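A.B. asks: Take a look and give me a structure for this.
(one chain, ligands or ions: 1)
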Amino acid sequence: MTDINTQEIQRLYEKLNKEAEDGGYHLNPDVEFTKQLVESLIINQQRYGYPACPCRLASGKKEEDLDIICPCDYRDADILEYGACYCGLYVSEKVLKGERKLQSIPERRPPKEKRSESVTQKIQTGLPYPVYRCKVCGYLCARESPPEVCPICKAKKERFERFM
Ligand code: SF4
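C.D. replies: Sure, this is the predicted structure:
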């Protein structure tokens, strides 16, 4: 690991840690392990142009990988059920405090043929503003277009879906 890489990893680690804590999430307290994942995110960012999940095989086509751009669409459900996201980058408060042990986490991402546009995108209503839903954390907002960045989990605009 070069000095530059170490600094880059540290910078991203601190950014993700702050965003996580601000949004009610927690990075894995095993800092060495977590920094390895952060390094993989940087590598994927350089390789694909987006931080694809370090534990999954990315296609290299952003539109096909949107659900596994970190934080992925499956993070919250896995934290709730297993105490950590699939990679173990994010953990629940109980895991953070050592009150729950980490276990292996089965892959929640559906197989490619079963991944489809959300049916909610097709819902039409008479509301004055469309409602957008963050597919990562479930944050809802009624406005002309989704926010650039989710105020809760910091996912980018492209991770929002039309909800109503
Ligand atoms: S949040 Fe999802 S994409 Fe990010 S490291 Fe965890 S499992 Fe991978």
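
A.B. asks: Check which residues of stretch 57-68 are buried.
C.D. replies: Within stretch 57-68, the residues scored as buried using 16 or more other Cβ atoms under 10 Å are Ala58, Asp65, Leu66, Asp67, Ile68. Quick note: C-beta positions are derived from backbone N, CA and C, even for glycine.

A.B. asks: residue ranges with poor pLDDT in this protein?
C.D. replies: 1-4, 116-125 (pLDDT under 70).

A.B. asks: any idea how far the residue nearest to the spatial centre of it lies from the ligand?
C.D. replies: Geometric centre of the chain, nearest residue: Pro71, 1.0 Å, by Cα atoms, centre = their mean. Distance of Pro71 to the ligand, computed by Cβ to the nearest ligand atom, to the nearest Å: 4 Å.

A.B. asks: Ok, Glu93 next?
C.D. replies: 16 Å.

A.B. asks: and the residue nearest to that residue when sequence neighbours are not counted, bridged to which residues?
C.D. replies: Using Cβ to Cβ, 6 or more residues apart in numbering and skipping the chain neighbours, the partner closest in space to Glu93 is His26 (6.4 Å). Assessed by DSSP bridges, His26 has beta-bridge partners Val91.
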